[in-house]
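Novice: Sequence first, then the predicted structure, then my questions.
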Amino acid sequence: MKSFLIPLADWSNGIIMIAVFAFVVIALVATLVSFMNSGKRK
């Protein structure tokens, strides 16, 4: 059970993982928007 409680107690690591995930999602959305804009220009 300790292995399940450690990730929940380690908030600093969780915040870092959430920040990285959010950054990746924002990067993907920005890439899709840029592709859509370039497609409209053509």
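Specialist: Good, I have the coordinates. Numbering: from 1, shown residues only.
Novice: Now do the longest helix seen in the chain, average pLDDT.
Specialist: Secondary structure of the chain read by DSSP state H shows that its longest helix is helix 11-41. The average pLDDT for helix 11-41 rounds to 86.
Novice: helices and strands around it, which ones?
Specialist: If contacts are counted by 3 or more CB pairs under 8 Å, 6 or more residues apart in numbering; DSSP states H and E, helix 11-41 sits against no helix or strand. In short, each C-beta sits where N, CA and C put it, glycine included.
Novice: I'd like the numbering to begin with 28 instead of 1 from here.
Specialist: Noted, 28 is the first residue going forward, which turns the last one into helix 38-68.
Novice: Show me which residues of that helix are buried.
Specialist: Neighbour counts over helix 38-68 (16 or more other CB atoms under 10 Å) mark no residue as buried.
Novice: dump the residue contacts of residue 53.
Specialist: Taking CB atoms under 8 Å, 6 or more residues apart in numbering as the contact definition, residue 53 lies against nothing.
Novice: Please report how far it lies from residue 66.
Specialist: Separation of residue 53 from residue 66 (CB to CB, to the nearest Å) stands at 20 Å.
Novice: same check, this time on residue 49
Specialist: 26 Å.
Novice: Residue 47 now?
Specialist: 29 Å.
Novice: Ok, residue 44 next?
Specialist: Distance from residue 44 to residue 66, by CB to CB: 33 Å.
Novice: Please apply the same query to residue 42.
Specialist: Distance, residue 42 to residue 66, by CB to CB: 36 Å.
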